[in-house]
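Q: Kindly generate the corresponding structure for this input.
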Amino acid sequence: MSSSFFEGLAPLAARMRPRTLDEVIGQTQLLKPGSPLNKLATPPEAGKHNITTSVILFGPPGTGKTTLARAVAASSGRRIIELSAITAGVKDVREAMETGRTNHEAYGIGTILFLDEIHRFSKAQQDALLPGVENGWVTLIAATTENPSFSVITPLLSRSLLLVLELLNDDEVKVILRTALSDPRGLNEKFTLTEELASSIARLASGDARRALTILEAAALASEGKADQAPFEISESAIETAIDRALTRYDKDGDQHYDIISAFIKSVRGSDADAAVHYLARMIEGGEDPRFIARRLMILAAEDIGLADPQALPLAVAAAETVSLIGMPEARIPLAEATIYLALAPKSNSAYLAINQALDDVRNGLSGEVPKPLRSSNYPGASKLGNGRGYSYPHDDIRAVAAQQYLAAELEAKTYYRPKEIGQERELVERWAKLRSIIRSFKR
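A: Predicted structure coming up:
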């Protein structure tokens with residue numbers, strides 16, 4: 001083409017930013033009728049002031065925090081002042097407070113102060129926000145990708161509503177892509193995209209609308225041809241060119257999902273760290289929910305490593321908590337750390353086998369009566385029933401273990417827990433044998 005369709009245009013993500021709450025895709029949990037955001041976006045009735053409740057929007061990148069702030073301001077008729085914690089200082093905050101107070105007191109106009117990345121503000125900078133928030137000079141809408149409980153001062157948290165934004169699902173991202181393809185503000189029907197490739201872009205975006213639109217725009221730019229050929233078809237190769245890597249074949253709801261997670265688990269269980277990291281990379285690149293991967297690692301740590309390395313489960317839990325706090329792409333690092341640790345850890349499924357065998361017995365009616373010494377004696381009349389009588393308090397024995405009937409007679413021969421001589425569980429083999437011999441030496 002002699003001149004590109006894109007010349008002189010702002011980025012597609014900027015052009016397609018919703019102008020009102022009605023245009024917002026996703027975040028339905030925050031936009032229900034009567035929700036705080038809807039109330040903030042409602043124009044004031046004659047003679048009444050706007051609602052001035054401040055809010056903190058907490059969510060991953062590309063979920064619409066800036067969009068919601070601007071849409072609320074536009075819908076409510078308020079003025080908006082935008083500051084970024086990366087570039088703004090205390091002086092900028094105080095000037096915004098003064099502007100808000102003037103608008104409020106002199107003109108009766110509400111002001112929204114949108115503060116992006118509030119977690120980057122120091123305590124002193126956040127303190128400077130308090131007078132304007134307390135006096136209603138501004139309605140603060142603060143955005144953060146980090147947990148506000150750890151990054152926002154308590155006085156500000158207590159004066160604000162915390163609203164949590166979720167990653168968009170693939171269907172919501174595809175709606176945004178289709179809108180961008182047809183909307184005059186977007187690609188204005190000059191490009192086409194198959195449903196399969198729209199799904200690929202949605203998967204690559206991992207719930208980030210801005211990322212999806214950036215990929216679409218770059219792929220459209222790579223697909224441009226002669227003016228008389230429009231509309232131009234966006235091809236798979238154009239998308240691969242746009243993102244500088246091949247599209248990974250991965251269906252989060254199909255066979256690929258189940259096959260790869262199965263291969264991942266079996267590789268960790270089989271102690272092949274290289275294979276485990278490979279399948280982890282395929283899931284990440286395929287757009288798998290990192291929280292799903294983290295949950296599988298926690299299950300694996302308990303089921304396949306267990307008491308051979310008791311630190312495996314706390315490490316997997318810590319990785320899952322980290323993933324939920326930081327999100328992608330950084331979450332790939334704790335996921336890889338946990339994957340490698342669990343792959344190299346000694347393996348024991350003794351706890352898994354023990355609880356399953358015990359459950360089988362209970363489900364098959366093998367329970368028996370609770371021995372009277374073990375029954376509760378903390379209620380009136382219990383002593384008359386003999387409850388608690390004859391109980392041997394283990395701490396009265398120098399070994400802190402006593403010969404005692406803990407199971408019904410028909411269960412005393414049962415052995416549910418069979419420790420394995422692997423890793424740290426090796427120490428439990430002899431210990432459990434000694435303890436069991438003392439406990440089971442009880443004489444009726």
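Q: count of residues packed around Asn364?
A: Neighbour count for Asn364, taken as other C-beta atoms under 10 Å: 8. C-beta here means a position set from N, CA and C on the backbone, and glycine is covered the same way.
Q: Also Ala128?
A: Counted with other C-beta under 10 Å, Ala128 comes out at 19.
Q: Which residue lies closest in space to it, excluding its sequence neighbours?
A: Leaving aside its sequence neighbours, Ala128 sits nearest to Val93 (C-beta to C-beta, 6 or more residues apart in numbering; 4.4 Å).
Q: I'd assumed Leu83 was in contact with that neighbour.
A: Yes - counting by C-beta atoms under 8 Å, Val93 does reach Leu83; the two are 7.0 Å apart.
Q: And those two? Which one has more around it.
A: Val93 (25 against 20).
Q: which residues sit in contact with that one?
A: Val93 makes contact with Leu83, Gln125, Ala128, Leu129 under the criterion C-beta atoms under 8 Å, 6 or more residues apart in numbering.
Q: before we move on, back to that, secondary structure element for the residue nearest to Ala128, which one?
A: Element membership for Val93, per DSSP states H and E: helix 90-106.
Q: just Glu146 next, same as before
A: Going by DSSP H and E, Glu146 is not in any helix or strand.
Q: How about Ile86?
A: Residue-wise, Ile86 maps onto no helix or strand under DSSP H and E.
Q: buried set for the helix or strand bottoming out on mean pLDDT in the chain?
A: Least confident helix or strand, the chain: helix 236-243 with a mean of 83, by mean pLDDT, DSSP states H and E. For helix 236-243, burial by neighbour count (16 or more other C-beta atoms under 10 Å) applies to Ala238, Ile239, Ala242, Ile243.
Q: how much space between the second one and Leu197?
A: Yep, that's Ile239 we're talking about. Ile239 sits 6 Å away from Leu197, going by C-beta to C-beta, to the nearest Å.
Q: Would you quantify the distance from the residue nearest to Arg19 when sequence neighbours are not counted to Lys414?
A: Nearest-residue entry for Arg19: Ala74, 5.9 Å, with adjacent residues in sequence omitted and distances by C-beta to C-beta, 6+ apart. Distance, Ala74 to Lys414, using C-beta to C-beta: 69 Å.
Q: same deal with Leu162?
A: Counting by C-beta to C-beta - Leu162 and Lys414 are separated by 50 Å.
Q: So for those two, which residue has more residues nearby?
A: Leu162 (15 against 12).
Q: got the contact list for the more buried one?
A: Val55, Ile56, Phe58, Pro148.
Q: what about the first one, helix or strand, and which?
A: Which is Val55. strand 54-58.
Q: same deal with Lys266?
A: helix 255-269.
Q: elements contacting that helix?
A: helix 273-285, helix 290-300, helix 332-344 (3 or more C-beta pairs under 8 Å, 6 or more residues apart in numbering; DSSP states H and E).
Q: from the chain's centre, how far out does it sit?
A: The chain centroid and the centroid of helix 255-269 are separated by 21 Å under C-alpha atoms, centre = their mean, to the nearest Å.
Q: for that helix, what is the average pLDDT?
A: Helix 255-269 shows a mean pLDDT of 85.
Q: in that helix, what counts as buried?
A: For helix 255-269, by 16+ other C-beta under 10 Å, it's Gln256, His257, Ile260, Ile261, Ala263, Phe264, Ile265, Ser267, Val268, Arg269.
Q: What is the nearest of those residues to Leu168?
A: His257 (18.9 Å; C-beta to C-beta).
Q: residue contacts, the spatially most central residue of the chain?
A: For the chain, Ser324 is the residue whose C-alpha lies nearest the centre (C-alpha atoms, centre = their mean; 3.8 Å). Applying C-beta under 8 Å, 6+ apart, we find Ser324 in contact with Arg291, Ala294.
Q: Need the pLDDT of it.
A: pLDDT, Ser324: 87.
Q: measure Phe442 to Ser377 for me?
A: Taken as C-beta to C-beta, the span from Phe442 to Ser377 is 19 Å.
Q: circling back to that earlier point, and the residue nearest to the centre of the chain, that's in a strand?
A: No - Ser324 is assigned helix when assessed by DSSP: H, G, I helix; E, B strand; the rest coil, not a strand.
Q: And it, how close does it get to Arg291?
A: In terms of C-beta to C-beta, Ser324 sits 6 Å off from Arg291.
Q: before we move on, what about Glu421?
A: Taken as C-beta to C-beta, the span from Glu421 to Arg291 is 35 Å.
Q: Would you map out the domains in this protein?
A: 27-164, 170-243, 255-344, 353-439 (automatic domain parsing).
Q: can you put those domains in JSON lines and add distance to Leu21?
A: Conversion of the domains of the chain to JSON lines gives the following (distance: least, C-beta to C-beta, whole Å):
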{"stretch": "domain 27-164", "distance to Leu21": "5"}
{"stretch": "domain 170-243", "distance to Leu21": "15"}
{"stretch": "domain 255-344", "distance to Leu21": "24"}
{"stretch": "domain 353-439", "distance to Leu21": "49"}
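Q: Identify whichever of those lies nearest to Phe6.
A: Ranked by C-beta to C-beta, the member of these that lies closest to Phe6 is domain 170-243, at 5.9 Å.
Q: ends of the closest one, how far apart?
A: By C-alpha to C-alpha, to the nearest Å, the extent of domain 170-243 from end to end equals 18 Å.
Q: ok, and the closest non-adjacent residue to Met298?
A: Nearest one to Met298, counting by C-beta to C-beta, 6+ apart, is Ala316 at 4.5 Å.
Q: likewise Asp171?
A: Ala202 (7.9 Å).
Q: Which helix or strand lies directly C-terminal to the one helix or strand the one you found maps to?
A: Take DSSP H and E as the rule and Ala202 turns out to sit in helix 195-205. Counting by DSSP H and E, the element after helix 195-205 in chain order, helix or strand, is helix 209-223.
Q: Report the mean per-residue pLDDT for the helix or strand following that following helix.
A: Once the chain leaves helix 209-223, the next helix or strand it forms, by DSSP H and E, is strand 232-233. Confidence over strand 232-233 (mean pLDDT, whole number) is 88.
Q: again, but for stretch 374-386
A: 80.
Q: How about stretch 184-197?
A: Here the average pLDDT along stretch 184-197 is 92.
Q: Check the offset of that stretch from the chain's centre.
A: The answer for stretch 184-197 is 31 Å, by C-alpha atoms, centre = their mean.
Q: Sounds good, over and out.
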